[in-house]
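Peer 1: okay, sequence plus prediction incoming.
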Amino acid sequence: MNTKTIVIHSKVAYGYVGSNTTSLVLQLAGQDVISVPTVVLSNRYGLPTVGGGLMPASLFEEVLDGILQLAILNEVSTIITGYIGSAKLVELTACFIAKIKESHPEIVYVCDPVMGDHPQGLYVKEEVPQALCKHLLPLADVLTPNQFEMETILQRKITTYAKLQEAIQQDPMFQRKDVLVTGCRFSDLTHQALHIVVKEQQQYDVVTIDYVPVDPPGTGELFAALVLVLQARKSESYKDSVKEASRLIQRVLHRIAEEDRSEFSLHDILSIHPIGMYINLSMYLDIR
């Protein structure tokens with residue numbers, strides 16, 4: 001049974017971003033996670049202080065090579081990549097995934113092309129988006145960019161849903177990929193809402209969600225992991241999984257707003273149904 005997921009993402013000692021969130025969601029849903037850090041930090045960027053830094057390329061490569069030598073790929077169902085802080089690490093990651101896809105093409109590669117967001121713009125080095133587009137995106141089966149990242153990939157501003165759909169249809173790279181574009185604001189759709197554009201095979205859909213005036217770091221990781229859990233558990237379409245994941249996350253975001261917080265807590269993640277439905281968490285934790 002394929003119950004392992006390789007997660008290549010940032011690692012922080014404190015907080016729920018990067019692999020801390022992705023791995024936790026997957027593990028609560030019964031997935032065994034093979035976690036490879038791209039950076040090791042005390043906490044997320046954006047706080048007054050941060051310690052740590054990028055994984056040295058030589059060490060990163062040794063870890064990836066070591067995983068290949070474990071002979072466990074028959075047990076792997078999915079690879080997820082997120083924050084990768086340098087072009088060199090992007091190239092090493094792409095080489096690793098290409099080797100896996102050559103011998104195990106059935107393994108699904110989900111690429112969250114972390115680059116930045118509106119309104120702050122890029123929060124990676126300028127070399128990273130180009131490296132992602134050149135090396136990793138062509139290998140992906142599923143892409144989960146936000147609107148800013150999709151605009152960076154397409155190298156154009158996208159202000160309407162019609163323009164986004166047209167741009168995807170005209171780019172050969174997207175033809176065989178499923179694409180989930182999050183956090184979209186379009187002039188031809190409801191203004192007081194956010195939209196998630198779902199391209200599954202050749203079908204396009206839009207999921208509209210209410211805007212909640214909070215944006216805790218790690219929302220993208222939580223969303224992508226939850227969509228994958230729902231899709232795998234219920235054999236749903238991406239559209240249905242996106243709808244359910246959005247509903248569950250909206251509930252958490254409303255609570256964060258009501259409590260005047262700006263970060264996810266462990267309670268937030270454990271409280272999300274259906275992650276916790278597979279484990280009787282009350283046996284281990286007093287969650288109220």
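Peer 2: Alright, I've got the coordinates.

Peer 1: okay, strands next: where are they in the stretch 151-288 of the chain?
Peer 2: Counting by DSSP state E, counting those that start in this stretch, the stretch 151-288 of the chain has strands at residues 178-184, 193-200, 203-210.

Peer 1: give the other helices and strands that the last one contacts.
Peer 2: If I follow you right, that is strand 203-210. Packed against strand 203-210 by the contact rule (3 or more CB pairs under 8 Å, 6 or more residues apart in numbering; DSSP states H and E) you find strand 193-200, helix 238-258. (C-beta placed from N, C-alpha, C; glycine too.)

Peer 1: most tightly packed of the ones you listed?
Peer 2: Of all those, strand 193-200 carries the top mean neighbour count, a mean of 20, counting by mean count of other CB atoms under 10 Å.

Peer 1: and it with strand 178-184, angle?
Peer 2: 170 degrees (axes from the mean of the first three to the mean of the last three CA atoms, to 10 degrees).

Peer 1: and strand 193-200, how far out from the chain middle?
Peer 2: 15 Å (CA atoms, centre = their mean, to the nearest Å).

Peer 1: distance to residue 99 and mean pLDDT for the helices and strands packed on strand 203-210 - can I get that in JSON lines?
Peer 2: Below are those laid out as JSON lines (distance: least, CB to CB, whole Å; pLDDT from 0 to 100):
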{"stretch": "strand 193-200", "distance to residue 99": "27", "mean pLDDT": "94"}
{"stretch": "helix 238-258", "distance to residue 99": "27", "mean pLDDT": "94"}
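
Peer 1: can you list the ones you listed in CSV and add distance to residue 50?
Peer 2: Listed next are these as CSV, based on distance: least, CB to CB, whole Å:
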stretch, distance to residue 50
strand 193-200, 28
helix 238-258, 22
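
Peer 1: closest one to residue 133 among the ones you listed?
Peer 2: Closest approach to residue 133 among these is made by strand 193-200 (17.5 Å; CB to CB).

Peer 1: angle of the closest one against helix 238-258?
Peer 2: 150 degrees.

Peer 1: contacting residues around strand 193-200?
Peer 2: Strand 193-200 is contacted by residues 161, 164-165, 168, 174, 177-186, 189, 204-211, 237-239, 242, 246 when judged by CB atoms under 8 Å, 6 or more residues apart in numbering.

Peer 1: now the buried members of the residues you listed.
Peer 2: 161, 164, 168, 174, 177-186, 189, 204, 206-207, 209, 237-239, 242, 246 (16 or more other CB atoms under 10 Å).

Peer 1: now do the closest residue to residue 107 other than its chain neighbours, the pLDDT please.
Peer 2: Setting aside the residues directly before and after it, residue 107 is nearest to residue 76 in space (CB to CB, 6 or more residues apart in numbering), at 5.5 Å. We have a pLDDT of 97 for residue 76.

Peer 1: over to residue 235?
Peer 2: pLDDT, read off for residue 235, is 73.

Peer 1: same check, this time on residue 225
Peer 2: Value for residue 225, per-residue pLDDT: 95.

Peer 1: name the element the closest residue to it other than its chain neighbours belongs to?
Peer 2: Spatial nearest neighbour of residue 225, chain neighbours left out: residue 25 (3.8 Å); criterion: CB to CB, 6+ apart. Under the criterion of DSSP states H and E, residue 25 resides in helix 19-28.

Peer 1: tell me what the helix or strand just after that helix is packed against?
Peer 2: Following helix 19-28 in sequence order, the next helix or strand is strand 32-41 (DSSP H and E). Helices and strands touching strand 32-41, by 3+ CB pairs under 8 Å, 6+ apart, are strand 4-12, helix 19-28, strand 52-54, helix 57-68.
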